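In: Build me a structure from this.
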Amino acid sequence: MYRFLISFFISSLLFLAACNSPFGNKNKGYSSIIFPEKTYQAFSQQGYPYTFEFPTYAQIDNNVNYFGASKKTDSWINIHFPTMGATLYISYSKMKAQQLDTLIRDAYTFANNHNSRASFIDDSLFSNEQGVEGVFFHIGGEVATSYQFFLTDSTTHFFRGALYIDTTPNEDSLAPVNAFLYQDLKHLVNTFRWK
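Out: Modelled structure (predicted):
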């Protein structure tokens, strides 16, 4: 009888200790995202040595600061996707003699900075119908940026972009947003040309 009482007492304590938080339903998945219809508009502002098409649901910010220094005169811009909390950061360099190798090495370094968290980094060469050439990086895993690229004419211009989503990296939950924005990046690159 003594053993029964001790077993009952211990079972009761375990039962009461297990019930210390209120019950709540857990979500079975991620929130549904409603994507806007894909329509594009031209970016061809005076003073910028490039032009391209970008989505109508995105906003151009040409008031860019880099460590406190204004980059507006250097043709840097940011393309914000406010409904998705994403930004495409774009930098531009007018190349000096023998600078192409350094800029390409820097672009690869920026992409490879995510090696510690990335499950893979794929780089692919491309050329669009306007003769613009570059490299597109797809970075997989729990990383801050899934897509980066650079475009160049190999003599005068170097254009680099990196897409960041303003949230904690979670490859599974961000997959639909990344896939949607990937199509916009491809469209930007395919319509890109130097003035």
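In: looking only at pLDDT, what's the mean for stretch 116-125?
Out: Predicted confidence along stretch 116-125 averages 85 (mean pLDDT).
In: Just the buried positions in that stretch, please.
Out: Taking 16 or more other C-beta atoms under 10 Å as the neighbour-count basis, stretch 116-125 is seen to contain the buried residues A118, I121. Yep, even glycine has a C-beta here, placed from its N, CA and C like the rest.
In: residues making contact with that stretch?
Out: The contact list for stretch 116-125 (C-beta atoms under 8 Å, 6 or more residues apart in numbering) reads 108, 111-112, 114-115, 133-143, 169, 171.
In: Next, work out how far apart the nearest residue to R193 once chain neighbours are set aside and D153 are.
Out: In space, R193 comes closest to Q130 once its chain neighbours are excluded; the distance is 4.0 Å by C-beta to C-beta, 6 or more residues apart in numbering. With distances taken as C-beta to C-beta, to the nearest Å, Q130 is found 10 Å from D153.
In: do you know how far G85 is from F54?
Out: Here G85 is placed at a distance of 17 Å from F54 (C-beta to C-beta).
In: Same check on G131?
Out: Distance from G131 to F54, by C-beta to C-beta: 20 Å.
In: between the two, which one's more packed in?
Out: F54 (21 against 9; other C-beta atoms under 10 Å).
In: Tell me where the chain has helices.
Out: In the chain, the helices defined using DSSP state H lie at 2-18, 100-112, 171-191.
In: out of those, which comes closest to Q46?
Out: Proximity of the helices of the chain to Q46 was assessed by C-beta to C-beta; the nearest stretch is helix 171-191, lying at 18.8 Å.
In: mind checking how far that closest one is from the chain centre?
Out: The offset between the C-alpha centroid of helix 171-191 and the centroid of the whole chain comes to 8 Å, using C-alpha atoms, centre = their mean, to the nearest Å.
In: Can you name every helix or strand that it contacts?
Out: Secondary-structure packing of helix 171-191 (3 or more C-beta pairs under 8 Å, 6 or more residues apart in numbering; DSSP states H and E): strand 50-55, strand 86-94, strand 133-141, strand 147-152, strand 157-165.
In: cutoff 6 Å now
Out: In terms of contacts (3 or more C-beta pairs under 6 Å, 6 or more residues apart in numbering; DSSP states H and E), helix 171-191 is packed against strand 50-55.
In: Return the residues in contact with T87.
Out: Listed by C-beta atoms under 6 Å, 6 or more residues apart in numbering, the contact partners of T87 are N78, H80, Y164.
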